[in-house]
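Q: everything below, folded, please.
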Amino acid sequence: MPFVLLALAIAFEVTATLSMRASDGFTKPGPAVVVVAGYVISFFFLAKALTSLNVGPVYAIWSALGTIGAFVGGVLLFGEQVRPLTIAGAVIIVVGVIVINLGGGVHQG
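A: Residues are numbered from 1 along each chain as shown. Okay, here's the model as predicted:
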């Protein structure tokens, strides 16, 4: 169950981040409301997941998958460019998360 909560936290964080771009500097109220609600809900689910998972690896997973989700969403929704260096950066993020998880594991105890 904690991994479901983590997945929900990531999904809401990515939605909020992409909505921030869509809000056009918070000049569009609809996307601006999604930004605020998305981050609040994301942090709620993240806090719930952290009741039974280790904070370091979980935060690494949350931030890495959120970053990659925002990157992919930016490409698909806003036509942002994909360059070899950005792909290399995404790979480095994923490798970093794997290394963190190998070092300590995700579950408490």
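
Q: residue 34 contacts residue 19, doesn't it?
A: Yes - checked against CB atoms under 8 Å, the pair residue 34 and residue 19 is within contact range at 4.0 Å. Glycine gets a C-beta too; all of them are placed from N, C-alpha and C.

Q: so what does the longest helix anywhere in the chain touch, helix or strand wise?
A: Counting residues, the longest helix in the chain under DSSP state H turns out to be helix 55-78. Packing contacts for helix 55-78, counted by 3 or more CB pairs under 8 Å, 6 or more residues apart in numbering; DSSP states H and E, involve helix 2-22, helix 29-49, helix 84-104.

Q: and residue 44, how far from residue 27?
A: Here the criterion is CB to CB, to the nearest Å. By it, residue 44 lies 27 Å from residue 27.

Q: distance of the residue sitting nearest the centre point of the chain relative to residue 97?
A: Compute the mean C-alpha point of the chain, and by CA atoms, centre = their mean the closest residue is residue 66, 1.8 Å away. Computed as CB to CB, the residue 66 to residue 97 distance reads 11 Å.
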